[in-house]
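Peer 1: Sequence and computational prediction follow.
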Amino acid sequence: MLPRWGDVPLVRIAHSDVQAWPAELSDRGLAGASVRKTQGVLSGVLGLAVRDRRLVLDPALGVALPALEQGCRRYLTAGRLGALAEAAGPGRVAVLVLGYCGLRRSELAALRVRHVDLLRRRVLIEEAVTEVDGKHLVWGTPENNSRRTVRSPAPWSTPSSATATPGPRGSARRPGRSGSRC
């Protein structure tokens with residue numbers, strides 16, 4: 001922001017200048033998401049200037065931003081997912097649940113035995129847990145408050161193949177730790 005706006009007085013910033021800036025950033029190779037974030041910072045500064053009555057109008061209002069690029073989604077075949085699960089060793093079931101049910105890591109870490117119905121092949125997603133500062137677990141609802149039930153088409157959901165490895169005293173496994181932890 002500084003090279004472009006650092007020496008420009010607030011009252012000299014025109015809407016047309018602010019509108020042209022995202023294109024300049026894109027031309028320099030910034031991705032759409034980075035352009036949006038950078039523009040958001042400028043917009044926040046200009047909005048604050050309006051609220052502080054340093055500007056009458058916000059020159060960033062109505063600025064068109066570049067569309068976000070949608071990356072190509074890739075999915076594993078059942079065979080590749082199975083191979084990955086076997087390579088995961090003690091994390092086999094976790095890999096299968098993530099792959100077949102589409103859970104987030106924080107949702108998998110918060111799963112409890114009562115959330116899994118092996119006979120009906122359903123998993124109830126009610127909670128999510130994340131680790132903060134490497135020591136504290138923060139429990140909450142899933143992202144976007146998306147409590148839901150997911151079906152499992154997978155072979156992991158037979159009683160003979162399911163292995164539960166809860167944390168100490170039945171607590172959550174910390175995401176991202178080594179060993180059999182999820």
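Peer 2: Nice, I can see it.

Peer 1: Okay, buried residues for the helix or strand harbouring V35 please.
Peer 2: Here V35 is covered by helix 32-51, with elements defined by DSSP states H and E. Within helix 32-51, the residues that qualify as buried are 35-36, 38-39, 42-43, 46, 49-50, counting by 16 or more other Cβ atoms under 10 Å. In this view, the C-beta of every residue, glycine as well, is placed from N, C-alpha and C.

Peer 1: Show me what that helix is packed up against.
Peer 2: The contact analysis (3 or more Cβ pairs under 8 Å, 6 or more residues apart in numbering; DSSP states H and E) places helix 32-51 against helix 15-27.

Peer 1: I'd like the distance between R73 and G102.
Peer 2: 12 Å (Cβ to Cβ, to the nearest Å).

Peer 1: of the two, who's got more company?
Peer 2: Neighbour totals were compared for R73 and G102, and G102 leads with 10 against 5 (other Cβ atoms under 10 Å).

Peer 1: Let me see the contact set for that one.
Peer 2: Residues in contact with G102 (Cβ atoms under 8 Å, 6 or more residues apart in numbering) are V150.

Peer 1: What segments of this protein are helices?
Peer 2: Secondary structure of the chain (DSSP state H): helices at 2-5, 15-27, 32-51, 78-87, 92-101, 105-110.

Peer 1: Surely T149 and R121 touch.
Peer 2: No - counting by Cβ atoms under 8 Å, T149 sits too far from R121 to count as a contact (10.6 Å).

Peer 1: higher neighbour count, those two?
Peer 2: Using other Cβ under 10 Å as the criterion, T149 and R121 rank with R121 on top: 17 against 12.

Peer 1: quick one: the more buried one from K135, how far?
Peer 2: Going from R121 to K135 by Cβ to Cβ gives 36 Å.

Peer 1: repeat for S106
Peer 2: From S106 to K135 the distance is 16 Å (Cβ to Cβ).

Peer 1: Which one of those two is surrounded by more residues?
Peer 2: Between S106 and K135, S106 has the larger neighbour count (other Cβ under 10 Å), namely 19 against 7.

Peer 1: That one - nearest residue in space that isn't next to it in sequence?
Peer 2: Among residues not flanking S106 along the chain, A128 sits closest, at 4.0 Å (Cβ to Cβ, 6 or more residues apart in numbering).

Peer 1: what about that neighbour, how many residues close to it?
Peer 2: Neighbours of A128 using other Cβ under 10 Å come to 24.

Peer 1: Likewise for C72?
Peer 2: Look at C72: counted by other Cβ under 10 Å, it has 5 neighbours.

Peer 1: And it, what's its pLDDT?
Peer 2: Looking at C72, its pLDDT is 79.
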